[in-house]
Structures are given as structure tokens and as C-alpha cells.
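# Predicted model, plus sequence, below.
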Amino acid sequence: MNAQSAVAAAQNIRLLLLDVDGVLTNGQLYYGDDGNEYKAFNIKDGLGIKLLQRGGVEVGIITGRSSSLLTRRCAELGIDRVIQGREDKLTALQELLDNLPLSITQVAFMGDDLPDLAVIKRVGLGMTVADANHVLLESAGWQSQYCGGGGAVREAAEFILKAQGKLEQLVASFA
């Protein structure tokens, strides 16, 4: 998909689905001596999610791991469509679509590694991070210049909103 095709696809997006580890985070897992797991989320990505929501684009999560930290972060951001602990992300996508009045062309998905490949190839706009697996870099219709956990979701959000002609007005609302 060339840049012009990616913009055309982004104009139709009504739902952005995200992988978590390697997209919303840098993909590293931190474990404390107490056995607890820790993750770092980028605040800029969070604002990008909020901008999408204000612009009428819903955001959801499909991830292969389960994490109470993710549940908390999604609650903070108002993300209701969250599927955790699902290795078969394509089936999870279909389950979401079965309950929504959307076509697959109205869905974008951002992933970083091979478990995300089938979804990236099927949705209206497959998106990836700069440090994604090379197969995803070749397959996605749009690639962020930022690595996972480093603002890639924010850049994706702004790309979608700009393609839909909504970004300027949303940014102006902060002035």
C-alpha cells in the first residue's frame, strides 16, 4: 500500500485496535522481586487515544497476554473493547466485528510482531511500529517512525485524524 492508499484507507477508519506489548509499550517485561509485573505506557500515546475518541474513532485492544496493569490503563483511557490473553487475534477480531455495525475496511490494527500479522493483512488499514518484525514492516499499509512505547500510537492517531480532516480542529481545542 502506498502513502496515497494509506490516506484513503484511513479516511474510512472507525475503530483502531491495538496490540499492547511492543505497541503501547516498548515490548520489555519488568518483574519486581515481589513477583509483580510492571509496564511503562507513553503519555503521548494516551493523548492520541483520547484525540481519536474525541474525533469519533473508537479504540480497542487485542493482546496475547493478560495484565491487570493493562486493565487499569484501559479504564483510565476509557477503552471498553479489550480482549486479553488471546493468541488467535484474528478470531478475536471477528468476535468484535460480530458485535459491531462495522465492516473490516473500517478497522485499523497496529501490531509489532508475527502474532499480529494475520490481522494486519485483513483489516482496512494495517499499521505497525518502527521496530516491528521485518515481515510486518513489509506487510503493513502504514508504518510509524517511532518505536513501540515511544509515541507510535500517537503518530498513528494523528495520521488517521488528519486523513479524516479532524486533526486541526481537535488540536485547536487545546488553545
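Yes, it's here.
# just so I have it, where are all the helices in the chain?
Counting by DSSP state H, the chain has helices at residues 3-11, 43-54, 68-77, 89-98, 117-122, 134-139, 152-163, 167-172.
# Could you say which one of the ones you listed comes nearest to residue 83?
helix 89-98 (4.6 Å; Cβ to Cβ). In short, each C-beta sits where N, CA and C put it, glycine included.
# Can you mark which positions in that closest one are buried?
Residues of helix 89-98 classed as buried: 89-90, 92-93, 96-97 (neighbour count, 16 or more other Cβ atoms under 10 Å).
# Pick the one among the residues you listed closest to residue 81.
Among the buried residues of helix 89-98, and counting by Cβ to Cβ, the member closest to residue 81 is residue 96, at 6.2 Å.
# Hmm, that closest one is touching residue 81, no?
Yes - with contact defined as Cβ atoms under 8 Å, residue 96 reaches residue 81; the gap is 6.2 Å.
# who touches both of these two?
15, 17, 60 (Cβ atoms under 8 Å, 6 or more residues apart in numbering).
# Export those residues as CSV, with columns for distance to residue 160.
Formatted as CSV, the shared contacts of residue 96 and residue 81 follow (distance: Cβ to Cβ, whole Å):
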residue, distance to residue 160
15, 10
17, 12
60, 14
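# Kindly indicate which of these lies nearest residue 68.
Checking the shared contacts of residue 96 and residue 81 against residue 68 with Cβ to Cβ, the nearest one is residue 60 at 18.1 Å.
# Excluding covalently adjacent residues, which one is nearest to the closest one?
Nearest in space to residue 60, with sequence neighbours left out and distances taken as Cβ to Cβ, 6 or more residues apart in numbering, is residue 81 at 3.4 Å.
# Now for the one you found, how many residues are close by?
By the criterion of other Cβ atoms under 10 Å, residue 81 has 15 neighbours.
# and it, what does it touch?
15, 17, 58-61, 96 are the contacts of residue 81 under Cβ under 8 Å, 6+ apart.
# Just the pLDDT for it.
pLDDT, residue 81: 96.
# what number of residues lie near the closest residue to residue 164 other than its chain neighbours?
Spatial nearest neighbour of residue 164, chain neighbours left out: residue 11 (5.7 Å); criterion: Cβ to Cβ, 6+ apart. For residue 11, the neighbour count with other Cβ under 10 Å is 14.
# Most neighbours among the contacts of residue 81, please name it.
The most crowded member of the contacts of residue 81, judged by other Cβ under 10 Å, is residue 17 (25 neighbours).
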